[in-house]
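[1] Sequence plus predicted model, see below.
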Amino acid sequence: MAKESDPYPSQNRIDRIPPYSDEAEKGVIGSVLLDSVKVLDLCVQAQLVAESFHVPAHRTIYSSLLEMLKVGAAIDVLTLADRLKTAGKLDGIGGPSALDQIIDSTPTAAHAEYYIDIVRQKHILRMIIECSRDAEQECYGSQDSADHILNRTEQAFLDITERKHGTMTPWDAAVKKTMESIEQILVTRRGLTGLSTGYANLDKKLLGLRGGEMIVLAARPSMGKTSLAMNIAENASLGRKDPDSKPHAVGIFSLEMSQESLVMRMLCSHAGVSSFDLSRGFLSKANHQKLANSASVLMKAPLFLDDTGGLDIMELRARARRMKKKYDVELIVIDYLQLLHSKEYGRQGRQIETANISGNIKAMAKELSVPILVLSQLSRAPEQRDKTGRPKLSDLRDSGAIEQDADVVCMLRRPCKYPDDEEHDDETLAIVDVAKQRNGPTGEVYLNFEEDFTRFRDRERGVDGVSEMVGMPEEEDE
C-alpha cells in the first residue's frame, strides 16, 4: 500500500531557523560602541528595539545600551562591560571577550545605516512569520467567525506596516514643509484649505475638510444630514468649487440606505427631479432627459459605495484600507456612526462600545491621512430642552467620546421643523452650527435646502448672517 504523501514537506515546516543576520547584529552593536552618539540616534530613528535582535546575547547588549542612553551615561566597551557585570549579565553574553570580538569584527561605524537596515528587515520578516503563525492557530482553534479572524489578522499585519513607516519626521523637515504651504498662500492668496465641500459658506468657516480629521455631522432624524453628506461627496467627486477643479475619489459606507436607494437619491438631487414624484410613477420626458444627463455625469464620478449593513468597526477599517489602497480615496463618508458595532466591546454597554467605535474612526482618519465625514444621531434632548430644537455638543447620542475624538462637530437643524422658532416660516433655511472646530472658529453657517430634490445650496445670507462673499478677500501688496 502506497504511503500517503506528507502534506507539509520539510521545506515548509515551521521548525526552520528564523531569518536573522549575526554579522549585521554585531555590526550594529560594534558601530554603537565606536560612535554611540551618532549610531544610537540612527537606531532609535529606525525604531530598532531589543526584540529586533535575534541572538539572545545581542538582545541583552542592545537593551543595556538603550538603558545607558536613557540615563545619559557614557557609552564605550568598558562602561558597557561594567554595566553588564553589575547587572549580572556579563557572563551570559560570553564575558568581556565577546565584546572585544564584536569590536574587532566592526572596523568602522561608517556602514552603521547599512547594518541597521539589515537588522530591521530581518525583524520585519520574523514579525510577519509570527503573525502568520498566530493567524493559522486562530483558524484552527478560535470559535470566532472567519470574518472577525480575517479582520484581526489584517490589523496585525497593518501594525507591522505602521511600525515600518512610523519613523519620526526631523524637525527641520517639518518646518520646511510648513513654510512651503505658507509660500503657497502668498502665491495663490487662498489660505490653508482642505478638500472643498462645494459650499462657499461652509468652506469659509471650515477652510475645507482636512486630511487626518474626523468631522462629525449630527442631527435629529429627517433633518437632511444624509442629503448634505451625499451632496458634499458628489461635489468633491466632481471637483465643484475646488480651486483646481480636480475630481477627488470618495468612499461611502452607507449602513442605513441600500445602494439602489442612495443612487436614486443622488440622481434625482443632481437632476433636480422630485424622487417622491418619481416613486409614484410621475415622470415626464423632460425629467427623464434630466435624469439621463445626470446619469452620464455621475457615472464618471470617482465614487465608491459600500452598502453593507451592521459592519463591525474593525471590518470597516479593513474595508477602508483596501479602498484607500485600490482607489486612493481622498474622502470617506460614514452613514452613520450609531449603526456600527464593536464585537470586542459590545457586551460592555453601548456607551463604551460607541467610545471604542469613535476612537477607531479617529485613528482611521490619521492612519489613512484623509478626512472622514461621519454622520451621527442626536438624542431627544434638544426637543425636550426647548421648543426651538437647538442642539448642543452634549446631545451627541450614546457617548461623550464622539465630542472628544472629533476635530470638527457640525449640528444641522432646520427651523421650519419647529413651530416656535422665530424663522419657522422660512421653509428652505438650513443652519449648520459648527459647534466645535479644533483648529478654527465656531459659529453658524446658512444654507438653502430644497426638500423635494434633497439638495443643499449656498445661501446669500452666508456665515453668521453676513452676506456671502465669493472667494477669499485679496489684500494689496505693501
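    Yep, that arrived.
[2] got any ranges where this structure has weak pLDDT?
    Under the criterion of pLDDT under 70, the regions of the chain flagged as low confidence span 1-15, 161-174, 178, 181-182, 184-193, 241-245, 398-399, 461-478.
[3] what ranges do the strands span in it?
    214-219, 250-254, 303-306, 331-335, 372-377, 408-413, 429-437, 443-450, 455-463 (DSSP state E).
[4] Using JSON lines, lay out the ones you listed together with distance to Q137 and mean neighbour count.
    Yep, even glycine has a C-beta here, placed from its N, CA and C like the rest. As requested, those are arranged in JSON lines below (distance: least, Cβ to Cβ, whole Å; neighbours: other Cβ atoms under 10 Å):
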{"stretch": "strand 214-219", "distance to Q137": "35", "mean neighbour count": "26"}
{"stretch": "strand 250-254", "distance to Q137": "31", "mean neighbour count": "25"}
{"stretch": "strand 303-306", "distance to Q137": "30", "mean neighbour count": "18"}
{"stretch": "strand 331-335", "distance to Q137": "33", "mean neighbour count": "25"}
{"stretch": "strand 372-377", "distance to Q137": "33", "mean neighbour count": "25"}
{"stretch": "strand 408-413", "distance to Q137": "42", "mean neighbour count": "25"}
{"stretch": "strand 429-437", "distance to Q137": "44", "mean neighbour count": "21"}
{"stretch": "strand 443-450", "distance to Q137": "53", "mean neighbour count": "20"}
{"stretch": "strand 455-463", "distance to Q137": "51", "mean neighbour count": "19"}
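[5] Contacts only, for the residue nearest the centre of the chain.
    Nearest to the centroid of the C-alpha atoms of the chain, with distances taken as Cα atoms, centre = their mean, sits A365, at 1.9 Å. When the contact criterion is Cβ atoms under 8 Å, 6 or more residues apart in numbering, the partners of A365 are G211, G212, E213, M214, P371, I372.
[6] Also D452?
    Taking Cβ under 8 Å, 6+ apart as the criterion, D452 is in contact with S274, F276.
[7] Ok, S358 next?
    Taking Cβ under 8 Å, 6+ apart as the contact definition, S358 lies against M214, L337, S399, A401, I402, Q404, D405, A406.
[8] so how far is I313 from it?
    For S358, the distance to I313 equals 9 Å [Cβ to Cβ, to the nearest Å].
[9] Let's have the strands of the chain in a markdown table, adding distance to S274.
    Conversion of these to a markdown table gives the following (distance: least, Cβ to Cβ, whole Å):
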| stretch | distance to S274 |
| --- | --- |
| strand 214-219 | 22 |
| strand 250-254 | 21 |
| strand 303-306 | 22 |
| strand 331-335 | 22 |
| strand 372-377 | 23 |
| strand 408-413 | 22 |
| strand 429-437 | 18 |
| strand 443-450 | 10 |
| strand 455-463 | 11 |
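[10] wait, which of the ones you listed is closest to G198?
    Evaluated over these, closeness to G198 peaks at strand 455-463, with 8.9 Å, by Cβ to Cβ.
[11] quick one on the thing from earlier: drop anything exposed from the contacts of S358.
    For the contacts of S358, a neighbour count by 16 or more other Cβ atoms under 10 Å gives the buried set as M214, L337, S399, A401, I402, D405, A406.
[12] quick one: which of those residues is nearest V49?
    Comparing every one of the buried ones among the contacts of S358 with V49 (Cβ to Cβ), the shortest separation belongs to D405, at 28.9 Å.
[13] you'd agree that closest one is up against I361?
    Yes - between D405 and I361 there is a contact at 7.1 Å, judged by Cβ atoms under 8 Å.
[14] Between these two, which contacts overlap?
    Shared contacts of D405 and I361, defined by Cβ under 8 Å, 6+ apart, are found at M214.
[15] Run a quick neighbour tally on M179.
    Taking other Cβ atoms under 10 Å as the neighbour definition, M179 ends up with a count of 10.
[16] I meant to write K70 there.
    Burial of K70 is recorded as 8 neighbouring residues (other Cβ under 10 Å).
[17] if we can go back for a sec, would you mind reformatting the contacts of A365 (as a markdown table) and adding columns for distance to V55 while you're at it?
    Converted to a markdown table, the contacts of A365 look like this (distance: Cβ to Cβ, whole Å):
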| residue | distance to V55 |
| --- | --- |
| G211 | 42 |
| G212 | 39 |
| E213 | 44 |
| M214 | 44 |
| P371 | 46 |
| I372 | 44 |
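[18] which residue sits closest to T388, ignoring its sequence neighbours?
    D421 (4.6 Å; Cβ to Cβ, 6 or more residues apart in numbering).
[19] wait, what's in contact with the one you found?
    D421 makes contact with K387, T388, G389, P415, according to Cβ under 8 Å, 6+ apart.
[20] which residues of the stretch 351-478 of the chain fall in helices?
    Taking DSSP state H, counting those that start in this stretch as the criterion, the stretch 351-478 of the chain carries its helices at 381-385, 401-405.
[21] what's the first one packed up against?
    Helix 381-385 is packed against no helix or strand, with contacts defined by 3 or more Cβ pairs under 8 Å, 6 or more residues apart in numbering; DSSP states H and E.
[22] Buried residues in it, which are they?
    If you call a residue buried by 16+ other Cβ under 10 Å, then helix 381-385 has these buried ones: P382, E383.
[23] then it to PDB, C-alphas only?
    The C-alpha atoms that make up helix 381-385 are tabulated as PDB, following Å, rounded to 0.1, in the frame of the first residue of the first chain:
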ATOM      1  CA  ALA A 381     -32.600  66.400  24.500                       C
ATOM      2  CA  PRO A 382     -32.800  69.400  22.100                       C
ATOM      3  CA  GLU A 383     -36.600  68.900  21.700                       C
ATOM      4  CA  GLN A 384     -37.100  68.300  25.400                       C
ATOM      5  CA  ARG A 385     -34.900  71.300  26.400                       C
END
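[24] thinking again about what came up before, identify the residue nearest the residue nearest to the centre of the chain in space, chain neighbours excluded?
    The shortest distance from A365 to any residue other than its chain neighbours is 4.4 Å, reached at I372 (Cβ to Cβ, 6+ apart).
[25] Just give the closest residue to R457, not the sequence neighbours.
    Beyond its immediate neighbours in the sequence, the residue positioned closest to R457 (Cβ to Cβ, 6+ apart) is N448, lying 4.6 Å away.
[26] what's the closest of the helices of the stretch 351-478 of the chain to F304?
    Nearest to F304 among these is helix 401-405 (24.5 Å), distances taken as Cβ to Cβ.
[27] quick one: contacts of that closest one?
    Contacts of helix 401-405 from elsewhere in the structure, counted by Cβ under 8 Å, 6+ apart, are 214, 216, 337, 354-355, 358-359, 361-362, 376, 393-394, 396, 409, 436.
[28] let's go with 10 Å and repeat that
    Helix 401-405 is contacted by residues 214, 216, 218, 337-338, 351-352, 354-363, 365, 374, 376, 392-396, 399, 409, 435-436 when judged by Cβ atoms under 10 Å, 6 or more residues apart in numbering.
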